[in-house]
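Peer 1: sequence? don't have it. structure:
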């Protein structure tokens, strides 16, 4: 057999092997996501923040700021609910995932994964996918609480689902920032501190609570470049009416950017640490 034939045969084998490896990575990640869901089912208390955080935020903002900002708690509820939806999705992903990864690494769980014939990124991807249940629980609780308080979607059900989907997409993508933090930092308390310090300027430096034109100039400049502001504007347009196309497109672009940058960084950091 000539060398050309052998070379072509080798390329064919390697080319066929790549899709198989990608498929195995997806399958292993989904299996590990199932492990994460099993842990949640056996210890439902880990979802307590996703259960209570939306209720606390909505009650706090509406009854603390409603009369002062809008003169009516009902009118303010219609204004603030989309922003609370976005903030809830951000916190649901960013505060829990990194801490969970840090804990598993310290307990040696990921060392056991390393001994298995699976992709090195599968444990991270599986854990992040398993935490999607947090987004679902938080969204359901928030909409139920808002409805009981008097919030009403002014558009339609598909638009409301799209608003929740956009908020979840941004929360999932930005959650990889906290995955990176959880891998790089060894102390759990420091992981929580860094996550809080990082998320609050993003979540609160928007027009979620008050209109942008009531803010000082330097804060307005931050609000305009803050990616979370686009998500709040898109959710507000989808839920109560207003411009949607541009802020929704920007939210998707930001989400893709965060995912493209921080997911590979987190996987690379995990490989170096393990």
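Peer 2: Ah, there it is. Remember, it's a predicted structure, so these values are computed and weren't measured experimentally.
Peer 1: only C-alpha atoms from now on, for both contacts and neighbour counts.
Peer 2: Noted.
Peer 1: could you measure residue 185 against residue 207, distance?
Peer 2: Noted for residue 185: a distance of 32 Å to residue 207, by C-alpha to C-alpha, to the nearest Å.
Peer 1: ok, these two, which is more surrounded?
Peer 2: Between residue 185 and residue 207, residue 207 has the larger neighbour count (other C-alpha atoms under 10 Å), namely 23 against 15.
Peer 1: which secondary structure state does the more buried one sit in?
Peer 2: coil (DSSP: H, G, I helix; E, B strand; the rest coil).
Peer 1: so who does it touch?
Peer 2: Neighbour list for residue 207: 83, 223, 229, 232 [criterion: C-alpha atoms under 8 Å, 6 or more residues apart in numbering].
Peer 1: check residue 226 too.
Peer 2: Residue 226 sits next to 202, 205-206 when contact means C-alpha under 8 Å, 6+ apart.
Peer 1: I'd like these as TSV, with neighbour count and distance to residue 244 appended.
Peer 2: Below are these laid out as TSV (neighbours: other C-alpha atoms under 10 Å; distance: C-alpha to C-alpha, whole Å):
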residue	neighbour count	distance to residue 244
202	17	20
205	20	20
206	27	17
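Peer 1: next, format the residues you listed as JSON lines and append pLDDT and distance to residue 105.
Peer 2: Formatted as JSON lines, the contacts of residue 226 follow (pLDDT from 0 to 100; distance: C-alpha to C-alpha, whole Å):
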{"residue": "202", "pLDDT": "83", "distance to residue 105": "28"}
{"residue": "205", "pLDDT": "83", "distance to residue 105": "33"}
{"residue": "206", "pLDDT": "85", "distance to residue 105": "34"}
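Peer 1: which of the residues you listed sits closest to residue 157?
Peer 2: Closest approach to residue 157 among the contacts of residue 226 (C-alpha to C-alpha): residue 206, at 25.4 Å.
Peer 1: OK, contacts around that closest one?
Peer 2: Taking C-alpha under 8 Å, 6+ apart as the test, what residue 206 contacts is 212, 223, 226, 228-229, 232.
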